[in-house]
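please find the sequence and the predicted model below.
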Amino acid sequence: MPAHKSHEPKPLFDKILIANRGEIACRVIRTAKKLGIKTVAVYSEVDSDAMHVHMADEAYCVGPAPSAESYLRMDKVVEIARKSGAQVIPIYGFLSENAKFAQLLASEGIVFIGPPSSAIMSMGSKSESKEIMTKAGVPCVPGYHGTDQSSSNLLAQAESIGFPVLIKAVLGGGGKGMRIVYSAEEFNQALESAKREAMKSFSDDSVLVEKYIVRPRHIEVQIFGDQFGNVVGLWERDCSVQRRHQKIIEEAPAPGLDEKIRADLIGKAVAAAKAVNYVGAGTVEFIFDNDTSQFYFMEMNTRLQVEHPVTEMITRQDLVQWQLEVASGNPLPLSQSEIPRIGHAFEARIYAENPRNNFLPDVGPLLYLSTPPPSPSLRLEEGFRQGSNIEVFYDPLISKLVAHGRNRTEALRVLGKALEEYHVVGLSTNIEFLRTLASNPNFIAGEVETGFIEKHRDALFPPPAPPTAETLTQAALYVTLKEAFAGASSSGENPSPWSTLQFRRFGGDLSSQEFVFQHETVPGMRGRHAAVTSTSTVQVVAHPATSSSPQTFDILVKTVSDAGSETMKTAISAVTARITGPNEITTLLNNSKIVTTVVPQAAPNPQVPPSQSNSERLHVFHGGERITLVRPPPSWLSSLADDILGDARSKGITAPMPSVVVDIRVQVGEQVKKGQAVVILESMKTETVLRAEKDGKLKSIACSKGEMVGEGQQLVMFEEEDSAE
């Protein structure tokens with residue numbers, strides 16, 4: 001009989017400390033509550049009001065905002081675990097794959113709810129892990145995993161392997177310390193950047209160099225081992241669609257995979273785990289070559305993964321509970337033959353980032369948050385509420401949408417509807433991009449690879465569609481009725497617009513208002529990233545209600561493109577409208593009931609002090625789309641801004657997002673060439689190199705190394721060009 005049938009269950013822990021934050025901490029707490037286990041949260045100073053802090057039974061501050069001074073402080077986490085009497089479960093990120101941390105806990109008599117430190121060390125080293133896998137009969141990608149880390153040797157190894165090659169941090173993960181290099185000329189700069197990023201993320205700058213497969217898929221197998229030598233594979237996940245080498249959408253099982261290959265993958269993953277006597281949750285990651293259908297071992301993550309919910313959805317298992325069972329000394333809940341595979345599941349990661357600006361991360365408050373309701377076919381793994389702040393110090397992951405269906409088509413339909421219903425205002429997110437991705441014909445067909453986004457960039461980033469007459473009408477009517485509310489007594493009923501001054505005209509004529517809206521092409525972005533493509537005027541004429549007819553409005557919409565040509569003129573008569581929620585307007589338009597969400601946001605002109613601007617953004621969620629409209633400030637105010645700043649921004653480099661200045665590569669007076677690295681920034685654990693857009697002489701530097709800078713802040717200035725030139 002299998003070991004899991006022959007042992008009496010041992011009791012689970014009374015209390016666990018979750019050495020993490022955000023959505024995963026909240027997700028662990030939910031399982032702990034289900035099992036009657038008390039939870040202890042740790043938090044940095046900026047996370048004192050975080051969701052996981054409120055959900056936990058106990059919470060302790062672990063230090064200042066930077067993770068190196070808080071969540072990565074092993075001594076403080078151990079002190080809190082000892083004080084609270086809790087066992088430690090790190091899940092992923094921070095200290096989850098730190099063998100020293102596991103050893104420290106063991107020396108303190110505290111259970112580390114994870115694999116043995118020996119497995120963490122073996123699999124944490126990409127070079128050692130590949131040697132172990134080769135001996136275990138698991139195929140590996142050709143590459144150099146040696147100890148000679150000199151740049152000359154690594155370059156020679158890359159040339160021997162043949163470009164393109166992939167530089168990877170030996171202790172890496174999550175795309176950190178990873179660079180693709182296509183030629184010898186760019187190798188040393190990429191190596192330097194990868195090593196610097198690796199040192200910051202893992203306190204070790206060792207790298208390996210391996211062959212870069214041109215059309216790869218990223219397929220991984222969820223494995224679990226217990227203390228009795230049992231190891232199982234809980235099917236595979238496809239995580240191919242990525243940006244910046246980081247996963248953005250995952251699914252299980254992998255689409256279009258031959259059953260023989262699937263069985264071979266799972267068999268090799270189990271063999272990999274057994275080779276290191278693995279215990280607990282882990283993921284064996286493979287590169288699958290689309291051109292040859294061959295697969296190669298990439299790495300083993302000795303932890304539970306961000307994307308584990310898709311496996312939970314198709315197996316109907318709680319993998320956090322499995323971790324607790326195994327760590328308590330119990331055998332695996334199921335044998336390999338008992339693990340079900342039910343339907344298909346997707347996970348979409350909701351990030352604070354701007355896909356149209358190279359997926360650069362964004363920070364700030366969640367001013368407005370409305371999420372789709374959970375159901376048996378939809379899970380929402382979230383760690384932030386409306387009003388929460390997404391901080392520059394941590395990963396920009398806000399939440400995860402996990403959709404399940406009887407097949408891939410049904411699961412995609414559930415996911416698409418959920419993305420339409422997910423509304424965020426206050427910072428940029430990738431929600432619109434994910435919706436476009438999920439509806440892409442090539443993605444629907446399952447034709448995925450790690451270069452999917454770049455390959456289909458034009459289709460995934462179409463020119464922003466201008467607002468329709470219907471959308472503009474909804475926005476104008478929302479403002480009309482909201483302003484009517486502001487001028488009337490609050491009675492719970494829609495007041496008559498005629499009760500307020502803005503709807504009266506002396507002389508008895510019908511009231512008429514005109515609104516000017518500018519269309520913003522990148523919703524949520526500020527400063528130079530928010531381009532305007534069209535300007536619309538919407539005239540609203542209100543007709544009073546009578547005993548035989550309700551309040552109605554006549555609408556005239558005119559839109560003029562940025563080039564000055566009229567692109568739309570639409571007249572709509574006899575529209576009825578009412579406010580049906582704080583951010584909701586319901587209208588009867590052309591005999592159709594239309595419900596629209598409109599979220600106003602004060603939007604000071606980034607070029608003038610906020611006190612001098614009265615512009616406003618309207619974020620309109622309508623028909624599954626999000627359109628951002630701007631009610632511009634008076635023309636005299638815009639002119640004042642131009643007079644104050646002129647075109648200074650065009651003669652320098654500004655920060656594309658809130659970040660920390662990592663390095664300044666130039667000096668005042670230096671002659672800079674186009675494409676030369678000028679400033680290196682870091683935001684949310686990701687480095688960004690800012691380069692000169694043209695040749696020029698550096699006039700001034702307005703930032704310093706280690707300084708926190710805001711989006712749009714001037715970093716360097718160039719000399720003005722000679723007018724004669």
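Looks like it came in fine. Residues are numbered from 1 along each chain as shown.

and Val668, how many residues sit next to it?
11 (other CB atoms under 10 Å). Glycine gets a C-beta too; all of them are placed from N, C-alpha and C.

what do you get for Gly282?
27.

as a whole number, average confidence for stretch 401-413?
For stretch 401-413, mean pLDDT is 98.

what does it contact?
251, 255, 309-310, 313-314, 343-348, 350, 372, 376-381, 414-415, 418-419, 422, 438, 444, 446 (CB atoms under 8 Å, 6 or more residues apart in numbering).

looking at these, which are in helices?
Pro309, Val310, Met313, Ile314, Val414, Leu415, Ala418, Leu419, Ala438, Ile444 (DSSP state H).

quick one on the thing from earlier: please check the contacts of stretch 401-413 and keep the buried ones.
251, 255, 309-310, 313-314, 343-348, 350, 372, 377-381, 414-415, 418-419, 422, 438 (16 or more other CB atoms under 10 Å).

now Val170. Nearest residue, chain neighbours left out?
Closest residue to Val170 apart from its sequence neighbours, by CB to CB, 6 or more residues apart in numbering: Ser206 at 4.1 Å.

what about that neighbour, how many residues nearby?
The burial count for Ser206: 20, using other CB under 10 Å.

can you read off the backbone torsions of it?
Main-chain torsions, Ser206, degrees, to the nearest 10: phi -70, psi 140.

ok, which stretches of the stretch 351-500 of the chain are strands?
353-354, 360-361, 364-365, 368-370, 378-382, 389-390, 397-405, 423-425 (DSSP state E, counting those that start in this stretch).

can I get those in TSV including distance to Gly669?
Shown next, in TSV, are the strands of the stretch 351-500 of the chain (distance: least, CB to CB, whole Å):
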stretch	distance to Gly669
strand 353-354	34
strand 360-361	30
strand 364-365	36
strand 368-370	47
strand 378-382	50
strand 389-390	39
strand 397-405	42
strand 423-425	44
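
of those strands, which is nearest Thr688?
Closest of the strands of the stretch 351-500 of the chain to Thr688 is strand 360-361, at 6.6 Å (criterion: CB to CB).

and the closest one, what does it pack onto?
strand 353-354 (3 or more CB pairs under 8 Å, 6 or more residues apart in numbering; DSSP states H and E).

all helices of the stretch 101-250 of the chain, in order?
For the stretch 101-250 of the chain, the helices defined by DSSP state H, counting those that start in this stretch occupy 117-124, 126-135, 151-161, 187-202.

what's the mean pLDDT across the longest one?
Helix 187-202 shows a mean pLDDT of 92 in the predicted model.

repeat for the second one
The predicted model gives helix 126-135 an average pLDDT of 82.

wait, which of the helices of the stretch 101-250 of the chain is closest to Asp362?
Closest to Asp362 of the helices of the stretch 101-250 of the chain is helix 187-202 (CB to CB; 20.0 Å).

and the closest one, how far out from the chain middle?
Helix 187-202 sits 23 Å away from the centroid of its parent chain (CA atoms, centre = their mean, to the nearest Å).

before we move on, the earlier item: OK, contacts around the residue nearest to Val170?
For Ser206, the contact set (CB under 8 Å, 6+ apart) comprises Ser127, Thr147, Gln149, Ala169, Val170, Leu171, Ala198.

check it and give its pLDDT.
Looking at Ser206, the pLDDT reads 93.

now swap in Leu360 and tell me
At Leu360, pLDDT is 86.

how about the contacts made by it?
Leu360 neighbours (CB under 8 Å, 6+ apart): Glu353, Asn354, Pro656, Met657, Ser683, Thr688.

select from the residues you listed the one having the most neighbours.
In the contacts of Leu360, the most neighbours by other CB under 10 Å go to Glu353, 30 neighbours.

gap between it and Lys200?
Noted for Glu353: a distance of 19 Å to Lys200, by CB to CB, to the nearest Å.

once you drop chain neighbours, what's closest to Ser534?
His519 (4.7 Å).

by mean pLDDT, flag the weakest helix or strand of this protein.
Every helix and strand of the chain was ranked by mean pLDDT, DSSP states H and E. The lowest is helix 635-645, at a mean of 50.

just put the ones in helices among the contacts of stretch 401-413 in JSON lines and tack on distance to Gln667.
Formatted as JSON lines, the ones in helices among the contacts of stretch 401-413 follow (distance: CB to CB, whole Å):
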{"residue": "Pro309", "distance to Gln667": "50"}
{"residue": "Val310", "distance to Gln667": "50"}
{"residue": "Met313", "distance to Gln667": "55"}
{"residue": "Ile314", "distance to Gln667": "57"}
{"residue": "Val414", "distance to Gln667": "56"}
{"residue": "Leu415", "distance to Gln667": "51"}
{"residue": "Ala418", "distance to Gln667": "51"}
{"residue": "Leu419", "distance to Gln667": "47"}
{"residue": "Ala438", "distance to Gln667": "48"}
{"residue": "Ile444", "distance to Gln667": "52"}
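
quick check, pLDDT for the closest residue to Gly93 other than its chain neighbours.
Excluding its sequence neighbours, the residue lying closest to Gly93 (CB to CB, 6+ apart) is Asn20, at 6.2 Å. For Asn20, the model assigns a pLDDT of 96.

can you count the residues close to Asn20?
Neighbours around Asn20, by other CB under 10 Å: 24.

identify the residues contacting stretch 268-275?
Here stretch 268-275 has contacts from 132-133, 135-139, 221, 223, 225, 229, 231-233, 282, 284, 286, 295, 297, 300, 336, using CB under 8 Å, 6+ apart.

make it 10 Å
Contacting residues not belonging to stretch 268-275 are listed as 115, 119, 122-123, 129, 132-133, 135-139, 219-225, 229-234, 236, 278-280, 282-286, 295-297, 300, 302, 336 [CB atoms under 10 Å, 6 or more residues apart in numbering].

so which bits of it are buried?
In stretch 268-275, counting by 16+ other CB under 10 Å, buried: Lys268, Ala269, Val270, Ala271, Ala272, Ala273, Ala275.

likewise stretch 592-599?
So for stretch 592-599, counting by 16+ other CB under 10 Å, buried means Ile594, Thr596, Thr597, Val598, Val599.

how many residues are close by Leu618?
23.

got the contact list for it?
So, once contact is read as CB under 10 Å, 6+ apart, Leu618 ends up touching 425, 474-476, 478-479, 515, 517, 520, 598-601, 603, 627-631.

do that again at 7 Å, thanks
Ala475, Val598, Pro600, Leu629, Arg631 (CB atoms under 7 Å, 6 or more residues apart in numbering).

any idea what it is bridged to?
Pro600, Leu629 (DSSP bridges).

cool, Phe112 as well?
Bridge pairing for Phe112 - DSSP bridges - gives Val88.

can you pull the contacts of it?
Val88, Ala102, Leu105, Ala106.

for those, give me TSV that also has neighbour count and pLDDT.
As requested, the contacts of Phe112 are exported to TSV (neighbours: other CB atoms under 10 Å; pLDDT from 0 to 100):
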residue	neighbour count	pLDDT
Val88	26	93
Ala102	26	93
Leu105	25	94
Ala106	13	93
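
how near is the most centrally placed residue in the chain to Glu197?
Closest residue to the average C-alpha location of the chain: Tyr351 at 1.8 Å, with CA atoms, centre = their mean. For Tyr351, the distance to Glu197 equals 19 Å [CB to CB].

do Pro216 as well
For Pro216 relative to Glu197 (CB to CB), the value is 22 Å.

try Val414
37 Å.

tell me the helix or strand right after the helix or strand where Ser534 lies.
According to DSSP states H and E, Ser534 maps onto strand 532-543. Sequence-wise, the next helix or strand downstream of strand 532-543 (DSSP H and E) is strand 552-561.

and the helix or strand following that following strand, how far out from the chain's middle?
Moving toward the C-terminus from strand 552-561, the first helix or strand encountered (DSSP H and E) is strand 566-581. Its chain's C-alpha centre and that of strand 566-581 lie 35 Å apart, by CA atoms, centre = their mean.

just the buried residues of strand 566-581, please?
Neighbour counts over strand 566-581 (16+ other CB under 10 Å) mark Met568, Ile572, Val575, Thr576, Ala577, Ile579 as buried.
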